[in-house]
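Visitor: could you look at this predicted model? Sequence included:
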Amino acid sequence: MQDFIEKTVAFVRDTLKDAESGHDWWHIERVWNNTKLILETEEADRLVCELTALLHDIADSKFHDGDETLGPRIAGEFLQEIGVDQTVIEHVQKIIRNMSFKASLGEVDFHSKELEIVQDADRLDAIGAIGIARAFNYGGYKNREIHNPNVPIEQNLSKEAYKNTQAPTINHFYEKLLLLRDKMNTETGRTIAAGRHAFMEDFLQQFYGEWAGER
Ligand code: ADP
Ligand code: NI
């Protein structure tokens, strides 16, 4: 098992060496770490969880003309090459196919404990201090305003609206980041998310205070 993990780490590091910073190797490493943290207190197939954490963003559909079959295909071919069991491979592929926030806004047709854990691990990397950093980094990349009090806050966006929004980055907290705590699947994920959620609320309070010229 350790051998499969090490080979996968090398493959993912190499494949993502020029990836954009939202889904680079460091995102993968953090999701992998979150996965191992959750596995300390949740019962599941460790190999499936770790391999999926490592491979879940191997080909993000946003950067491949929305082709959502590419990631599972690349992951599957690689795992076959290094000799992982077919049942493990198929499980990893199903999780990757069903894991993204966008997928959760649409039709999801697969569930497993392992999906729950890796999805929680990925969501944890979108909240807290890291989540804040990633959001402003993404907003800067898209040349968005950090905040604009005249742009109304939208919650519960449709999949299409979520994809196309041009709203300032602060709005993204209400479109997604503050909703993630209540979407956590596992008890462990919920506990960790609660702390990171509270940190984002403190951040927003401080942000609005400074915006208004308070000391
Ligand atoms: P995921 O990889 O979880 O499916 P995305 O690819 O949508 O998420 O986003 C990658 C990172 O960029 C996340 O941290 C997310 O919160 C952030 N992000 C996505 N859309 C926006 C946005 N409109 N404004 C600010 N940050 C965003
Ligand atoms: Ni991810």
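Guide: Yes, it's here. Numbering: from 1, shown residues only. Ligands and ions are numbered 1, 2, ... in the order given.

Visitor: where's the biggest helix by length in the chain relative to the chain centroid, distance-wise?
Guide: Longest helix of the chain, by residue count under DSSP state H: helix 187-211. For helix 187-211, the separation from the chain centroid amounts to 17 Å (computed by Cα atoms, centre = their mean, to the nearest Å).

Visitor: and if you look at stretch 15-28?
Guide: 12 Å.

Visitor: the longest helix of the chain and ligand 1 in contact?
Guide: No. Contact of helix 187-211 with ligand 1 (Cβ under 6 Å from any ligand atom) is absent, the minimum separation being 11.1 Å. Bear in mind the C-beta positions are built from the backbone N, C-alpha and C, glycine included.

Visitor: which stretches of this structure form helices?
Guide: Under DSSP H, the chain gives helices at 2-15, 25-39, 46-55, 70-81, 86-98, 101-105, 113-124, 128-141, 159-164, 169-175, 187-211.

Visitor: contacts for the fifth one?
Guide: With Cβ atoms under 8 Å, 6 or more residues apart in numbering as the test, helix 86-98 has contacts from 45, 47-48, 51-52, 55-56, 58, 68, 71-72, 75-76, 79-80, 103, 108-110, 112, 114-115, 118-119.

Visitor: and if we set it to 7 Å?
Guide: Outside of helix 86-98, the residues within contact range by Cβ atoms under 7 Å, 6 or more residues apart in numbering are 47-48, 51-52, 55-56, 68, 71-72, 75-76, 79-80, 108, 110, 112, 114-115, 118.

Visitor: quick check: residues of this protein near ligand 2?
Guide: Residues of the chain found near ligand 2 (Cβ under 5 Å from the ion) are 57, 122.

Visitor: ok, now which ones touch the residue most central in space within the chain?
Guide: Geometric centre of the chain, nearest residue: Asp122, 3.5 Å, by Cα atoms, centre = their mean. Residues in contact with Asp122 (Cβ under 7 Å, 6+ apart) are 31, 56, 99.
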